[in-house]
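>>> model this:
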Amino acid sequence: MENKYWGYHGIFDCYKGDISKVTSPKNIKDFIIDLVKTIDMVAYGEPIIEHFALHDPEKAGWSLVQLIETSSITAHFLDKTGDFYMDVFSCKPYDIQLVKNCIQEYFNPENIGTITLARQANPINQTNS
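Next up, the predicted model:
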């Protein structure tokens, strides 16, 4: 029996991005606009890009939320290290490599760790418990 999934979740842990790019809200906005087009999604409204955790220099940075018609894209960028963490969740399949290429182009991290999950709430189609 073939598994049928409701959603596809890409988790991207990015190490040592270019600090000037990771700390630029303009670059983050340009990135999310390009990424949505690149992976053939439809943005639902404007991206929310806010600077958070100013009380803690280890965690301070820009956070991004972009709703898409098929779910959402979220990220948090660390000012101090250039590290950032991004999730792309969609009920429409997308190409993980295209996401990684776009990340590399806009932020140039030294490494992109990737975890992919196929999501399904219906226990008939679940493969893991």
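>>> the helices in this protein, which residues?
Along the chain, the segments classed as helices by DSSP state H run 19-22, 25-38, 96-107.
>>> pretty sure residue 19 sits against residue 82.
Yes - here residue 19 reaches residue 82: they are 4.7 Å apart, a contact under C-beta atoms under 8 Å. (C-beta placed from N, C-alpha, C; glycine too.)
>>> okay, the two: which has more neighbours?
residue 82 (22 against 15; other C-beta atoms under 10 Å).
>>> hmm, back to that, now tabulate the helices of the chain in TSV and tack on distance to residue 8 and mean pLDDT.
Below are the helices of the chain laid out as TSV (distance: least, C-beta to C-beta, whole Å; pLDDT from 0 to 100):
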stretch	distance to residue 8	mean pLDDT
helix 19-22	25	98
helix 25-38	15	98
helix 96-107	9	98
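>>> okay, these in TSV with distance to residue 55 next?
What follows is these, written out as TSV (distance: least, C-beta to C-beta, whole Å):
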stretch	distance to residue 55
helix 19-22	19
helix 25-38	19
helix 96-107	25
